[in-house]
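Engineer: give the three-dimensional model of this entry:
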Amino acid sequence: MVEATTAPPETGSATSGAPAVQAALENIAHIATLPEITVKIIDLVENPESTARDLHQVIENDPALCARILKVVNSAFYGLPGQIGSINRAIVLLGLNAVKNIAIAVSLTKLFSGSQVTPTFSARDLWVHSICVGVGSRLLSGKIGLRLPPDEAFLGGLMHDIGIMVELQADRAKLLAMLDQHQQGKTFLDAEQQVFGADHQQFGQGLCEKWKFPSAFSFVTGYHHQPLALDAESRTLTALVYVADRLAVQGGFGYTGTVADTDIDTQVLDALKLTEHAIEEVREELPEAIEVAEQLTN
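Structural biologist: So this is what the prediction gives:
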């Protein structure tokens with residue numbers, strides 16, 4: 001592990017790259033949208049007057065989504081007792097928020113679809129990496145004594161690099177130029193700033209704000225390379241994703257080019273109260289857990 005440093009953040013919030021971010025989101029307005037059913041689910045769950053019955057009525061109108069949610073809740077990934085045969089039962093056992101997060105997760109697969117972009121980068125490899133970071137975040141959340149829902153940890157990791165897909169959809173030529181700069185030795189973040197005028201953290205944060213996601217997910221997408229730039233009260237999920245991101249890169253899971261330094265800042269570990277032993281346990285558990293998660297999200 002690297003010793004803690006006091007280096008400034010690598011980038012600012014989405015607002016510091018606002019013109020580039022706004023232009024990109026406008027360019028992909030037809031793509032950067034969640035399925036209507038997912039938007040309905042988010043709006044419903046955010047309404048404090050909504051009930052489990054309300055959520056059930058929305059989901060049952062989409063048989064494909066219903067089937068995928070049941071596939072997830074019946075998997076070893078959740079380890080629930082017995083077979084869950086209905087969405088209503090899943091909602092009762094997991095809660096409205098968990099089912100909402102599962103619905104978002106299965107919706108993201110469409111955004112990460114695409115062919116090989118260059119010999120060293122593909123949307124598929126980025127998706128594999130994102131799954132690994134999601135799984136790693138979920139496993140890490142179980143190692144700390146904080147009440148962070150595992151589905152929230154998984155979703156945070158799953159979407160941390162979503163800003164790269166914004167770049168790809170907004171301007172493929174610029175993404176190719178950026179990847180070329182990266183291949184020539186620039187860090188991923190520096191190459192993004194040079195070519196796009198913003199980096200994937202800023203694009204991802206902008207997309208989360210467009211989707212009106214909870215601030216925890218905006219923080220993850222916007223600060224997963226420098227979680228200590230956030231207030232202590234706001235950084236837990238982002239810090240978990242930061243650690244999981246480095247574990248994924250160290251393990252060579254999917255696309256690994258975004259992280260220049262794979263060492264984990266000891267200040268982040270201290271903030272999470274994560275021990276070396278816990279890190280090693282997660283490292284050992286990752287491969288099997290990733291297999292399960294990949295089956296669920298494909």
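Engineer: got any ranges where the chain has weak pLDDT?
Structural biologist: When the per-residue scores of the chain are filtered using pLDDT under 70, the ranges that remain are 1-17, 30-32, 115, 146, 295-298.
Engineer: show me the residue at the heart of it, geometrically.
Structural biologist: Centroid check for the chain by CA atoms, centre = their mean gives Met159 as the closest residue, at 2.1 Å.
Engineer: so it touches Phe219, yeah?
Structural biologist: No. Counting by CB atoms under 8 Å, Met159 does not reach Phe219; the two are 11.7 Å apart. For glycine as for every other residue, the C-beta is placed from the backbone atoms N, C-alpha and C.
Engineer: before we move on, back to that, phi and psi next, for the residue nearest to the centre of the chain.
Structural biologist: Main-chain torsions, Met159, degrees, to the nearest 10: phi -100, psi 10.
Engineer: for it, what are its contacts?
Structural biologist: For Met159, the contact set (CB atoms under 8 Å, 6 or more residues apart in numbering) comprises 108, 130, 204, 208, 217, 220-221.
Engineer: ok, of the residues you listed, which come out buried?
Structural biologist: With burial judged by 16 or more other CB atoms under 10 Å, the buried subset of those is 108, 130, 204, 208, 217, 220-221.
Engineer: got JSON lines for these, with distance to Lys174 and secondary structure too?
Structural biologist: Below are those laid out as JSON lines (distance: CB to CB, whole Å; DSSP: H, G, I helix; E, B strand; the rest coil):
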{"residue": "Leu108", "distance to Lys174": "23", "secondary structure": "helix"}
{"residue": "Ser130", "distance to Lys174": "21", "secondary structure": "helix"}
{"residue": "Gly204", "distance to Lys174": "16", "secondary structure": "helix"}
{"residue": "Cys208", "distance to Lys174": "21", "secondary structure": "helix"}
{"residue": "Phe217", "distance to Lys174": "25", "secondary structure": "helix"}
{"residue": "Val220", "distance to Lys174": "24", "secondary structure": "helix"}
{"residue": "Thr221", "distance to Lys174": "19", "secondary structure": "helix"}
